[in-house]
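Asks: One predicted model, sequence on top.
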Amino acid sequence: MKRTRDDWLKEGVRILAEVGPTALTIDLLLVRLRMTKGSFYYHFRSYDGYTRALLTHIEQHEIPAVGQVAGESDVPRQQIESVLGWLLNHNPALEAALRTWASIDDHASVTQQHIDRERLFDLTTLCGQYLGDGSAGQGMANLLLAMLIARQQATPPMAVKAMVDAFRQAYGL
């Protein structure tokens with residue numbers, strides 16, 4: 001079976017989410033995709049080239065932007081509700097793996113920082129529209145991003161429903 005570059009990247013995403021960045025090896029990719037090293041090197045010049053392509057793929061296709069999460073509503077309150085619903089229902093495994101990877105790899109760290117900056121900018125804009133105040137919107141945005149990160153990193157996992165309920169109560173949602 002012929003595999004595309006995208007097949008290799010999607011399998012890398014699955015490996016990251018399932019077993020983490022230290023398990024992501026060429027050998028595991030070969031086993032999972034039932035391919036040869038020649039096939040890997042046909043698509044990627046090196047493992048480093050693969051991981052850089054994988055990080056780009058994750059940022060562009062796998063980690064949703066706030067605009068995607070906020071849905072199609074133009075009403076800030078409904079958009080915030082959509083973000084909260086996403087927080088309650090999404091599987092944070094890939095995002096947790098990316099944060100772990102960012103702690104041990106400079107390129108992953110740059111990617112994670114870019115994702116966080118973009119999310120915080122979008123959340124700050126959205127929350128500012130809802131509250132009508134820049135500093136209060138910034139605080140609300142920081143809390144939403146902190147809830148996302150806490151959900152991914154806490155051991156044992158945080159009771160995200162309790163966090164979301166407290167957030168809704170605090171902001172009258």
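Replies: Great, that's in hand.
Asks: Give me the below-cutoff pLDDT ranges for this structure.
Replies: For the chain, the stretches flagged by pLDDT under 70 are 154-158.
Asks: hey, which helix is longest across it?
Replies: Ranked by number of residues, the top helix in the chain under DSSP state H is helix 106-131.
Asks: From the chain's centroid, how far away is that helix?
Replies: Its chain's C-alpha centre and that of helix 106-131 lie 11 Å apart, by C-alpha atoms, centre = their mean, to the nearest Å.
Asks: how close does H57 get to T111?
Replies: Counting by C-beta to C-beta, to the nearest Å, the gap from H57 to T111 is 10 Å. Just so you know, the C-beta spots here come from the backbone N, C-alpha and C atoms, and that holds for glycine as well.
Asks: Which residue of these two possesses the greater neighbour count?
Replies: Taking neighbours as other C-beta atoms under 10 Å, H57 and T111 compare with T111 leading, 21 against 18.
Asks: Distance of the more buried one relative to C127?
Replies: Distance, T111 to C127, by C-beta to C-beta: 24 Å.
Asks: Mind splitting this protein into its structural domains?
Replies: 5-59, 64-171 (automatic domain parsing).
Asks: Do me a favour and get the end-to-end distance for the first one?
Replies: In terms of C-alpha to C-alpha, to the nearest Å, the two terminal residues of domain 5-59 are separated by 16 Å.
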